[in-house]
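Participant: attaching a predicted model along with its sequence, questions to come.
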Amino acid sequence: MEFTDLLLWVLSVLLIGVGIAGTVLPALPGTVLVLAGIVVGAWIDDFTRVGWVALASVTVLAIVSGVVDYLSGVLGAQRAGASRLAVIGAAVGTVAGIFMGFVGVLFMPLVGAAVGEWLARRDQVNAMRIGVATWVGLMIGMVAKVALAFVMVGIFVVALLV
């Protein structure tokens, strides 16, 4: 193995690892980074082991992940009857949560949605209900993103080994 190939494999693994972390950290485009790492890994041997079928499959999964991520929070909020301010609050809470560690990433969207809903309607009970519904939607989306990222990695590994 050439030194260049070794560096490319390191880059591939780093992109995939950071991408998997990005499936739970909102500041990182998780499945896009996983896809990038897989493309780098496929490129190393001119797409002979990881061919176009595998790459098309993981690309579709990355797109599905993006759609699921977007829709899960929005649909969770809308289904509960959230105001526009609640959705904005969830987004602000998500960004603020990045700076508060893992617990902040998990719970600041709930706080943001609840505060946004309270500001819109001044109803504490409804605000908490909307906050929880938005949070549940976001958590479902996060679990789906993590699962899709691991399926993408699984397809890559199987293509490499077979």
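Facilitator: Cool, the structure landed. Residues are numbered from 1 along each chain as shown.

Participant: buried residues in the lengthiest helix in the chain?
Facilitator: The longest helix of the chain (DSSP state H) is helix 124-161. Residues 126-127, 129-131, 133-142, 144-146, 148-149, 152-153, 155-156, 159 are the ones in helix 124-161 that count as buried (16 or more other C-beta atoms under 10 Å). (Glycine included, C-beta is placed from N, CA and C.)

Participant: helices and strands of this structure: which one bottoms out on pLDDT?
Facilitator: helix 84-98 (a mean of 84; mean pLDDT, DSSP states H and E).

Participant: run through who's touching that one.
Facilitator: 25-27, 73-74, 77, 104-117, 119-120, 127, 130-131, 134-135, 138 (C-beta atoms under 8 Å, 6 or more residues apart in numbering).

Participant: between that helix and helix 124-161, how many degrees?
Facilitator: The directions of helix 84-98 and helix 124-161 differ by 50 degrees, with axes from the mean of the first three to the mean of the last three C-alpha atoms, to 10 degrees as the criterion.

Participant: by contact count, what packs against the helix or strand just after helix 84-98?
Facilitator: Following helix 84-98 in sequence order, the next helix or strand is helix 101-121 (DSSP states H and E). Judged by 3 or more C-beta pairs under 8 Å, 6 or more residues apart in numbering; DSSP states H and E, the packing partners of helix 101-121 are helix 84-98, helix 124-161.
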